[in-house]
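K.L.:
With the sequence up front, the predicted model follows.
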Amino acid sequence: MPGADALPTAEAIAVALNGAPFIEALSEEAWLLRFGDTIDAALNARVHAAARRLQATLPGIECVPAYASLLLRFDPLQWIDIGTAAPDQRLHDAVLSSLQDPAVVVDEARVVTVPVLYGGDHGPDLHDVAAHAGLSEAEVIARHTAADYRVAMLGFAPGFPYLLGLDPTLAMPRRADPRLNVAVGSVAIGGMQTGIYPQALPGGWQLIGRTPLTLFDLASTPPSLLQPGDRVRFRAIDAREYERLAKTVGGNA
Amino acid sequence: MTATVLKPGLLTSLQDGGRRGYAALGVGRAGVMDGPAWRLANALVGNVGDEAVLEFTLTGPTLRFSQPAVIALTGAHVDARADAHALPGWTRCVLPAGSVLQLGGMRRGCRGYLAVHGGFSASAVLGSRSTDMHARIGPLDGRMLRTGDVLAIGEQKARASQRTTHTPHVLSWGLDPRPWFDDVASPLALLRGHHYAQLDEASQRVLFDASFAVSKDSNRTASRLDGHRLSLRQPVELISEATLPGTMQLPPSGQPIVLQAEAPVTGGYPRIGQLAAVDLPRLAQRRPGDAVCFRETTLDESLQRLARRQERLQRLLYRIEERLESA
C-alpha cells in the first residue's frame, strides 16, 4: 500500500493494488473502483462493504454501488489537488482502506420480506418461466421464495432493485418483445436476475407475480423501500391478502 | 407573483444544480446542462445562486408576469421581446407588471436560461427543484412546461422590481458571453475510457481525428453522435456499472453516445471515453447538426481548466454582486 508520500498522480491513478481493485479515474469528478467483472455475490458484498465505509468517512461524496464496481462522485475542487491531480489525503486513505477491507456485510444487512401474489393476471409469464425451466408453476414459486437475495444495485428507474441470488434453474432470457407498460409492483425475472418494477414502466423481463408494497415513494425517507446491500426474501400470498395489504400499506391497489 | 405559460417553447423545464445523493437508489441528478450559464443568470437578477431557472432548447417559451419582474437570459442567444421591446441577453431587465416575455429561436447554441429575481419557487423534491423528465420527478410532476402552467415566483427583494415603469428597463451594462459560450468549431476534451483499448485501430483514430455531428435524437439524457460508426475488435459482454454525465458509450449500433445531465445512474455499454466535466456545458450548447470533434486530454489538464473556470466564475459572480449593490 503506498504511503502518504506516494499519492497516485494523474498518469498513474489507475492502479492495481496487490490484487485488490483498480481505481479508475473516470473524469475530474469521478472515480470507479473496480472489484471484478462478473456478477458474483462475494464480489458484490465487497462493493457494499466499501460503499458503507466510504459513505461514513467521506461526507459529501456520492457512492453508487453496482454489481462489481463502486462509483465515487465528488467535487474535484474540494477533494483533488489541482496542481498534481493527486487526491486529497483523506480521499486517498479512505479509498485505499475501503478497498483492502475484506469485511462482508451479510450480517449487518437488513432483511426485507416482500409479499408476492404469483401467477394469474399479476404474473402473466409464470407459465412460460415454468415451461422454460421444466417445472410446475408451484415449483417455480417454491424456488423463487426459498432463495435469499441481495440488492446488488438500484438503477434503470428510481428504486428498481437488481437482485442477486436467483435459483439458476429459474433463469430465463428477457422477452423478445418488451412490454410497453409493466404494472407497478411486478416481480420479474431477467436472465440470472430478479427484480421488482417500482412504477409502471416499459420492460422486457418475465413477469411472475406482483407485490402490493410500494417500492418508491417520494414522501418517504428514504424514498426507496430497498437500499443497496439489503437482503430480500419473497413470500407467496393469496389474492385476499394482496387486497388487504394493498389497502393497509398504501400499496399498489 | 406568478408567470403564466402562454407558449411552452421546446423541452422547457425548471432546473437547478441537480439532485445529489440519491444515485445509489436509482435517482439521477438531472439539473441544468450549462452550469455557468445558470449561475450567471441567477447572479444577474440578484439571486443567491442556486435558485431554479427555466432551461429551454432551441426555442424559448412565452410567459406573462403578473407583477413587475427582474429577469436575465443567458446561455444560447435567443430572440427576446417584452411586448414591443427587444431585450438583450446576458444582462438584467426589469419588466413592468403584466409584461409578456416572448422568447423565440436561437441562431447559435442550443440551451437558454431564464432566471427571475426571487427564483421559480417550486417545492424541492429530494432536495432539488430540478425536473427529471425520465424518472418523472421534480416540479410539475417531472414534466416539461405546458401552455397554461402557472409558475410561482419567490419573494422579490430588489428595489428595482417595485419601480413602476411602462417599458422594460435594461441595465446599462451586461456580461460578455464569449468566455462562457464559445466557438462551435473548437474540439472538446475527451479522456480515454476503460474500453477505448478495445476499439479497433481505425475507430481509435477516428474518435480523435474525425468530426461527428450532433444527432437530432439528442436530448437531456444524451447527445448522440452521427457521422462515423465505431467498432470494437470483438464484442464485449459487460455487467452494469454506474454512469455519469460525460460518459461516452458505444452501443451495438456503433453510434457513440455522450450521456448528459439526465444520465441514467447505471448502464451496461462499453465506456470508450469520458468528456471532461469542464466541457459538458460546451457539448450541451451544440445544436443538432453541429460539428463535434474531440481531442485527447489528461486528468491534470482538465482539472486545471476546471479550476481556472471556477475561479473566473467566482470572480465574476462577486463583481456582479458588487455592481448590483452599488447601482
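P.N.:
Everything's here; your move.

K.L.:
So in terms of bridging, what pairs with whatever residue of the stretch 101-250 of chain B ends up closest to chain A?
P.N.:
Proximity to chain A, evaluated over the stretch 101-250 of chain B using Cβ to the nearest Cβ, is greatest for residue B:242 at 3.4 Å. In this view, the C-beta of every residue, glycine as well, is placed from N, C-alpha and C. Taking DSSP bridges, one obtains residue B:266 as the residues bridged to residue B:242.

K.L.:
ok, how many other residues are close to the residue of the stretch 101-250 of chain A at minimum distance from chain B?
P.N.:
The nearest approach of the stretch 101-250 of chain A to chain B comes at residue A:155, 3.3 Å away (Cβ to the nearest Cβ). Neighbours of residue A:155 under the rule other Cβ atoms under 10 Å in any protein chain shown: 29.

K.L.:
And the pLDDT at it?
P.N.:
Listed pLDDT for residue A:155 reads 92.

K.L.:
Is it correct that it is in contact with residue B:264?
P.N.:
Yes - using Cβ atoms under 8 Å, residue A:155 is in contact with residue B:264, at 6.8 Å.

K.L.:
which ones are touching the residue of the stretch 101-250 of chain B closest to chain A?
P.N.:
A:32, A:64, A:65, A:66, A:69, A:70, A:71, B:23, B:265, B:266 (Cβ atoms under 8 Å, 6 or more residues apart in numbering or on different chains).

K.L.:
Nearest to residue B:229 among those?
P.N.:
Lowest distance from residue B:229 to the contacts of residue B:242 (Cβ to Cβ) belongs to residue B:266, with 24.9 Å.

K.L.:
For residue A:90, which three-state class applies?
P.N.:
At residue A:90 the chain is in helix, as set by DSSP: H, G, I helix; E, B strand; the rest coil.

K.L.:
Could you chop chain A up by domain?
P.N.:
If you go by the TED database, the domain ranges for chain A are A:10-100, A:111-251.

K.L.:
Please see if the first one touches chain B.
P.N.:
Yes - among the residues of domain A:10-100, A:10-11, A:13, A:24-30, A:32, A:37-39, A:51, A:62-71, A:73, A:76-77, A:80, A:82-85 lie within reach of chain B under Cβ under 8 Å from any Cβ of the partner chain.

K.L.:
Tell me which residues of stretch A:206-217 come out buried.
P.N.:
For stretch A:206-217, the neighbour count (16 or more other Cβ atoms under 10 Å in any protein chain shown) marks A:206, A:207, A:208, A:209, A:210, A:211, A:212, A:213, A:214, A:215, A:216 as buried.

K.L.:
oh sorry, the question was meant for stretch A:217-233
P.N.:
Within stretch A:217-233, the residues that count as buried by 16+ other Cβ under 10 Å are A:223, A:224, A:225, A:226, A:227, A:228, A:229, A:230, A:231, A:232.

K.L.:
quick check, distance from that stretch to the centre of its chain.
P.N.:
In terms of Cα atoms, centre = their mean, to the nearest Å, the centre of stretch A:217-233 is found 11 Å from the chain centre.

K.L.:
Identify all contacting residues around it.
P.N.:
Residues outside stretch A:217-233 that contact it (Cβ under 8 Å, 6+ apart) are A:45, A:48, A:51-52, A:65, A:105-106, A:109-114, A:145, A:147-154, A:158-159, A:161, A:163, A:198, A:213-216, A:250, B:22, B:24-27, B:125-126, B:137.

K.L.:
Extract the CA atoms of that stretch and return them as CSV.
P.N.:
Extracted C-alpha coordinates of stretch A:217-233, given in CSV (Å, rounded to 0.1, in the frame of the first residue of the first chain):
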residue,chain,number,x,y,z
ASP,A,217,-42.3,6.9,-2.6
LEU,A,218,-41.1,10.4,-2.7
ALA,A,219,-42.9,11.2,0.5
SER,A,220,-40.9,8.5,2.4
THR,A,221,-37.4,8.9,3.9
PRO,A,222,-35.5,7.3,2.3
PRO,A,223,-37.8,7.2,-0.8
SER,A,224,-36.8,3.7,-1.8
LEU,A,225,-38.0,0.7,0.2
LEU,A,226,-34.9,-1.2,-0.7
GLN,A,227,-31.3,0.0,-0.1
PRO,A,228,-28.2,-1.3,-1.8
GLY,A,229,-26.9,-4.3,0.1
ASP,A,230,-30.2,-5.2,1.7
ARG,A,231,-31.2,-8.8,1.8
VAL,A,232,-34.6,-9.7,0.3
ARG,A,233,-37.0,-12.7,0.7
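
K.L.:
mean confidence score for it?
P.N.:
On average, stretch A:217-233 scores 94.

K.L.:
In contact with residue B:306, which residues are there?
P.N.:
A:28, A:76, A:77, A:82, B:276, B:277, B:278.

K.L.:
got a markdown table for the residues you listed, with pLDDT too?
P.N.:
Converted to a markdown table, the contacts of residue B:306 look like this (pLDDT from 0 to 100):
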| residue | pLDDT |
| --- | --- |
| A:28 | 91 |
| A:76 | 92 |
| A:77 | 90 |
| A:82 | 83 |
| B:276 | 97 |
| B:277 | 96 |
| B:278 | 96 |
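
K.L.:
Quick check: of these, which lies closest to residue A:131?
P.N.:
Closest to residue A:131, out of all of the contacts of residue B:306 and judged by Cβ to Cβ, is residue B:277, at 49.5 Å.

K.L.:
how close does the closest residue to chain B within the stretch 1-150 of chain A sit to residue A:115?
P.N.:
Relative to chain B, the nearest point of the stretch 1-150 of chain A is residue A:71 (3.4 Å; Cβ to the nearest Cβ). Residue A:71 is 32 Å from residue A:115, where distance means Cβ to Cβ, to the nearest Å.

K.L.:
Next up, phi/psi of residue A:52, please.
P.N.:
Backbone torsions for residue A:52, taken as degrees, to the nearest 10, come to phi -60, psi -40.
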